[in-house]
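Visitor: Here is a sequence with its predicted model. Questions after.
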Amino acid sequence: MALKSVDVRPEPAAAPAAGKPLLKPEDRELARKLEEQAALEAEVAERELRAASLRAELSAFERRYLHFVGSRYAELDECKAQIAEQLVREQPGNERVREMAREARARASDTKSAAGEKSPQEPRAFQPSPELKRLYREVAKRVHPDFTSDREDRVQRQQLMAEANQAYERGDEARLAIILTDYECSPESVRGEGPGAELIRVIRRLSQVRGRGAEIEAEMQDLMSSELYQLKARVEEAERNGHDVLKEMVKQIETQIAVAKQRLANPQMPLKPS
């Protein structure tokens, strides 16, 4: 029986579905990289937010510390400087006493400078709203200077990011929204055309974003290893256990101030160790 011939020619490739043109390899890679970029930018923006929050929290804590404790230390050091200068008047020929007075006056000046002018109102802790956090994330994703290779654009972004950090610390949602809107509408935000050129820009931007992420982590480590952070952590831990460390420190310093003022009023009173 004769065998029938079989047609073994390959079937033609399926045509792309209507309305869905076949993507070129560079288009598919660009789409994939853009998704990667969006995810990485969101992650880095979250890190930026955590770093900005930590900076703002430390700044607010420092203001509280200086308001309650720093001003008292400044007053105490001023009393000590006056006592030392009083001793100089009592012992004008004693060079050691004169040197101690110079050191005490310098220390009092430094403490006063560090404490600054005491605010009549108690400084508040930093408590950002959800909207403030959202706006900062968007600014960090779109405006951060480490996410551009253009020199002029970078300068503009540096200025805007500095303003954004200040606005975030102040809790100024309106200013953050203006910064974001102004940059989005600027000519520098317009991108070129063509998947090839765009793919290169995206790859470079990914590298920049990864680099910025590493910088943020290093900055966070520096902040958390600072003396101010350690003091803040101890104070907050004590507060959770029902102890107001700053109030206790103020009480101790005010006791020392009272003793120092008594010594100024009564030069014959014996000096006690500080």
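Guide: Perfect, I can see it now. If you're wondering where the values come from, they're calculated on a predicted model, not measured in any experiment.
Visitor: switch to C-alpha atoms for all contacts and neighbour counts from now on
Guide: OK.
Visitor: Which helix or strand in this protein has the lowest average pLDDT?
Guide: One helix or strand of the chain scores below all others by mean pLDDT, DSSP states H and E: helix 95-115, with a mean of 82.
Visitor: contacts for that helix?
Guide: 66-67, 70-71, 73-75, 77-78, 80-82, 84-85, 87-88, 91-92 (CA atoms under 8 Å, 6 or more residues apart in numbering).
Visitor: buried set for stretch 147-159?
Guide: Phe147, Thr148, Asp153, Arg154, Arg157 (16 or more other CA atoms under 10 Å).
Visitor: Could I get those in a markdown table, plus columns for secondary structure and distance to Ile178?
Guide: Output for the buried residues of stretch 147-159, formatted as a markdown table (DSSP: H, G, I helix; E, B strand; the rest coil; distance: CA to CA, whole Å):
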| residue | secondary structure | distance to Ile178 |
| --- | --- | --- |
| Phe147 | helix | 20 |
| Thr148 | coil | 20 |
| Asp153 | helix | 18 |
| Arg154 | helix | 18 |
| Arg157 | helix | 14 |
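Visitor: Neighbours of Leu180, how many?
Guide: Neighbours of Leu180 under the rule other CA atoms under 10 Å: 21.
Visitor: Over to Pro92?
Guide: 12.
Visitor: for it, helix, strand, or coil?
Guide: Using DSSP: H, G, I helix; E, B strand; the rest coil, the structure places Pro92 in coil.
Visitor: Next, count neighbours for the nearest residue to it once chain neighbours are set aside.
Guide: Distance criterion CA to CA, 6 or more residues apart in numbering; nearest residue to Pro92, sequence neighbours excluded, is Arg98 at 7.7 Å. A count of neighbours around Arg98, defined by other CA under 10 Å, yields 18.
Visitor: need the contact list for Met161.
Guide: Val139, Ala140, Val143, His144, Pro145.
Visitor: one more time with 7 Å, if that's ok
Guide: Val143, His144 (CA atoms under 7 Å, 6 or more residues apart in numbering).
Visitor: That one: helix or strand, and which one exactly?
Guide: helix 151-170 (DSSP states H and E).
Visitor: Just confirm Val143 contacts Arg157, I think it does.
Guide: Yes. Assessed by CA atoms under 7 Å, Val143 is found in contact with Arg157 at 5.6 Å.
Visitor: For stretch 163-170, which outside residues touch it?
Guide: Ala52, Ala56, Arg175, Leu176.
Visitor: what about Asp222, distance to Gly213?
Guide: 14 Å (CA to CA, to the nearest Å).
Visitor: and those two? which has more neighbours close in?
Guide: Using other CA under 10 Å as the criterion, Asp222 and Gly213 rank with Gly213 on top: 20 against 11.
Visitor: Could you give me the buried positions within the strand or helix carrying Val139?
Guide: When elements are defined using DSSP H and E, Val139 is found to belong to helix 130-143. Buried residues in helix 130-143, counted by 16+ other CA under 10 Å: Leu132, Lys133, Arg134, Leu135, Tyr136, Arg137, Glu138, Val139, Ala140, Lys141, Arg142, Val143.
Visitor: What of stretch 251-259?
Guide: Quick answer for stretch 251-259 (16+ other CA under 10 Å): Ile253, Glu254, Gln256, Ile257, Val259.
Visitor: Same check on stretch 199-216?
Guide: Leu199, Arg201, Val202, Ile203, Arg205, Leu206, Gln208, Val209, Arg210, Arg212, Gly213, Ile216.
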